[in-house]
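In: What follows is a predicted protein model with its sequence.
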Amino acid sequence: MPVALTNHGLNIDGRPVPVYSGTVHYWRLERDRWPYILDQVKALGFEMVETYVPWAIHETAAGVYDWGTIDDRKDVDAFMRLCEEKGLWLIVRPGPLINAELTDFGFPEWVLLDPDVQAKTASGSIHFDAAWGLHPPRPFPVPSYASEKFYELVGGWFDAICPVIARHLAPNGCVVTVQSDNETCYLFHDQPYATDYSDASLRLYRSFLREKYGSIDALSEMYGERFTSFGQIEPPRDCGVEGARELPLHLDWLAYKEYQIRHSIARIARMLRERGITGVPLFHDIAWQMVTPLDVSRMESDPEIDWVGMNLYCNKEEYATVARRMRFLAGATRLPFVPEFGCGLWSHHRKTFMPAEHEFVTLSAYMNGVKAVNFYMLVERERWQGSPITRHGDYRPEYVDFYREFAAFLERYPLWEFERERGALLMFAYDLGRHTRMLTTLNVGHADLLGLPKEAFEIEVDFGLRADIRREASFDRTDSWLRRAAGELTAGGTAFDMADTHIDPARLDRYPTIYLQSVDFMDPGDQANLLNYVEDGGRLVVGPEMPRLDPLMRQSEVFARFLDEPGRTEIGIGQLIWSDGSDLAAIASELSLPPEYRLASGPAELAVLRRGDQTLLFLANPTELPVDAAVLFEGARAFRSVWRSTESTRASDRLPVEIAPYSVRVFEVECAGAVQA
């Protein structure tokens, strides 16, 4: 393949190229400003840019296209040629969905108004997008990604745009990767019973069931009801779970919603390849969700989808969210990638980024594992604010200084080549997330508009479980088992990645220890994969309960046949450990290797990044007050500050560091063990 995905970025015709790019929306910028704008982008150290190619902007009426003959800003072919002249690589995102705060999210209105395209709610009405009530300028019918008419119309769009993209594929052209749709998730209406009940979706749902069960007799036996054909199966339109008997129907519906997303992204990817988009990787991005109906690991396991990223729009107060998502990408994906890294914000966001936030959030993301970033929007446009480059191409000094300085920093320290030191993996139980989402009642999209607590929509069903599944499913709950495990690891200086139980088993051997969120039930197949990890020498800590049931509440003892009470046992050359939580501190202390560098107690965060014999220490202060931190180690060291200052420090056993509020300091270890303090 001329362009191949690596764990550091892209390999383009034998040359390693990092994914470090910024968004430029050509059709939103005056044509005569393009050269100046791209020069300004390149002067900030970017060798790669990204753009959407919006369907509705180019297909102005059915079968009528404007490629620049009417509005010269729409000459996307000329934009690609200009990128090549300027020596810039290009990421292309042709939809069909793009969002970008465009009217109808970039879909042509005549597509959305076709009844054969429209998704339906559980009540059979047209599903209108109203996420946050603020998508400009009006709600619009949501398309069904199961509709054959939808794919027919998308195919017409791809027939028009793919030849343009194909002319510019790397290595001879500028296009290095192409996106298969954008944030596919029912246009953010991700509640299990909110949508898609269109006829097309129900046909796909029944096809999914046929593929899963093989015969109607097998499904009838599972559902406890006699059916003569799959056409008789109706999905749940609200949570009707009263006990275990209703679980197969409801859990199958949630699994189908996940399947529909994967199926559509893979189908769109095939459509792109069939039209000449070959030799470059195809990617997808998810908005933020790490639970059903998004399933990152299984999405990446689809042969049509090369890699998956997760978007990030966080203010400085949301360091914990930044760290969690980046560690999840590091644990679960091939190349930790943020396709939309908030570089400014849409105009109706509650709080626009200030310049110092751009620096803090960017450095926080890199210290927690990201390796590929696209700054969205590097160049401003309408309905956006806080970008470092204006729509005319001029720099905003208060915003742009960081990007100029960060580019110089990356010249010295290419962070995509560094590996973040980590000693454990925290693992979410995917089926636990399914259960808690399943046990919610039907509600309109984004019920947060009503100001009601999420508990108002939760259904309580007594399955006789020992674990509190809502507590254990929430990493935000400080009393949940997995959150407590994270706290003990952090206190002991052990860094960790995150993933869920659908992770590719081949990734597990990177971690000497896995802490697994476990309640009374768990998928037997997921347990079998983890048991193989233990047999091969891994240490698996499960808790707070030992699963003795499968997700349908049937007896299933994969782990449980080895332990009937909290304790540990050897399996193969590894260990299975059951902790109810009372001994997590002792277990974390015993199983973690003593870190070479760790923080004294306090609110700061430390990450150690290494490349060969280079070692960088990142120290973040995620609070509103200054922090006096201290890095502990053994012996003598020499350190040099490499971000925002250049002073060198010699120290023995302890390096005191002052960190301003919401800021990150970076030190390079210049030498170890040979310096007298």
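Out: Looks like it came in fine.
In: For stretch 554-566, give the distance from the opening residue to the closing one.
Out: 22 Å (C-alpha to C-alpha, to the nearest Å).
In: Use 187 as the first number from now on
Out: Sounds good: first residue 187 from here, last item stretch 740-752.
In: Find out how far it is from the centre of the chain, if you would.
Out: In terms of C-alpha atoms, centre = their mean, to the nearest Å, the centre of stretch 740-752 is set 33 Å apart from its chain centre.
In: Show me the contact partners of that stretch.
Out: 704, 708, 710, 713-714, 716-717, 728-729, 732-736, 755, 757, 762, 764-766, 769 (C-beta atoms under 8 Å, 6 or more residues apart in numbering). (Each C-beta comes from the backbone N, C-alpha and C, glycine too.)
In: and if we set it to 6 Å?
Out: Here stretch 740-752 makes contact (C-beta atoms under 6 Å, 6 or more residues apart in numbering) with 710, 713, 732, 734-736, 755, 762, 764, 766.
In: what's the answer for stretch 546-562, then?
Out: Contacts for stretch 546-562 (C-beta under 6 Å, 6+ apart): 195, 205, 207-209, 236, 500, 502, 505, 508-509, 512-513, 516, 521-527, 529, 601-602, 606, 793, 804, 806, 848-850.
In: how does it look with 7 Å?
Out: Stretch 546-562 has contacts (C-beta atoms under 7 Å, 6 or more residues apart in numbering) with 194-195, 205-209, 236, 277, 498, 500, 502, 505, 508-509, 512-513, 515-516, 521-529, 592, 601-602, 606, 683, 793, 804, 806, 848-850.
In: Over to stretch 210-219?
Out: When contacts are defined by C-beta under 7 Å, 6+ apart, stretch 210-219 is touched by residues 220, 223, 227, 235, 237-238, 240, 243, 258-260, 262, 265, 564-565, 567-568, 577-579.
In: Show the buried residues in these.
Out: Among the contacts of stretch 210-219, those classed as buried by 16 or more other C-beta atoms under 10 Å are 220, 223, 227, 235, 237-238, 240, 243, 259-260, 262, 265, 564-565, 567, 577, 579.
In: can you pick the most crowded of the contacts of stretch 740-752?
Out: For those, the largest number of neighbours (other C-beta atoms under 10 Å) sits with Leu762, at 24 neighbours.
In: can I assume it sits in a strand?
Out: Yes. Leu762: assigned to a strand according to DSSP: H, G, I helix; E, B strand; the rest coil.
In: unless I'm mixing things up, it is touching Val727, no?
Out: No. With contact defined as C-beta atoms under 7 Å, Leu762 does not count as touching Val727 (8.5 Å).
In: And the strands in the stretch 387-536 of the chain?
Out: Secondary structure of the stretch 387-536 of the chain (DSSP state E, counting those that start in this stretch): strands at 468-472, 493-496, 523-528, 531-532.
In: Which one of the ones you listed lies nearest to Leu668?
Out: strand 493-496 (19.1 Å; C-beta to C-beta).
In: The closest one pairs with which strands, parallel or anti?
Out: strand 468-472 (parallel) (DSSP bridges).
In: How far does the partner strand sit from its chain's centre?
Out: On C-alpha atoms, centre = their mean, the centre of strand 468-472 falls 9 Å from that of its chain.
In: hang on, the earlier thing: and the contacts of stretch 740-752, which of them are in helices?
Out: Of the positions in the contacts of stretch 740-752, 710, 713 sit in helices, assigned by DSSP state H.
In: Out of the contacts of stretch 740-752, which is nearest to Val361?
Out: Taking C-beta to C-beta as the measure, Val361 lies nearest Gln713 of those, at 42.8 Å.
In: who are the neighbours in contact with the closest one?
Out: Neighbours of Gln713 in contact, by C-beta under 7 Å, 6+ apart: 733, 744-745.
In: now do 6 Å
Out: With C-beta under 6 Å, 6+ apart, Gln713 has these contacts: 744-745.
In: if we can go back for a sec, Throw the strands of the stretch 387-536 of the chain into a markdown table and include distance to Leu668, mean pLDDT and mean neighbour count, thanks.
Out: Shown next, in a markdown table, are the strands of the stretch 387-536 of the chain (distance: least, C-beta to C-beta, whole Å; pLDDT from 0 to 100; neighbours: other C-beta atoms under 10 Å):
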| stretch | distance to Leu668 | mean pLDDT | mean neighbour count |
| --- | --- | --- | --- |
| strand 468-472 | 21 | 97 | 24 |
| strand 493-496 | 19 | 98 | 24 |
| strand 523-528 | 23 | 97 | 25 |
| strand 531-532 | 31 | 86 | 20 |
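In: quick revisit: export the contacts of stretch 740-752 to a markdown table and tack on pLDDT and distance to Val362?
Out: Shown next, in a markdown table, are those (pLDDT from 0 to 100; distance: C-beta to C-beta, whole Å):
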| residue | pLDDT | distance to Val362 |
| --- | --- | --- |
| Pro710 | 98 | 41 |
| Gln713 | 98 | 40 |
| Met732 | 97 | 47 |
| Arg734 | 97 | 49 |
| Leu735 | 98 | 47 |
| Asp736 | 98 | 44 |
| Thr755 | 98 | 49 |
| Leu762 | 98 | 44 |
| Trp764 | 98 | 47 |
| Asp766 | 96 | 50 |
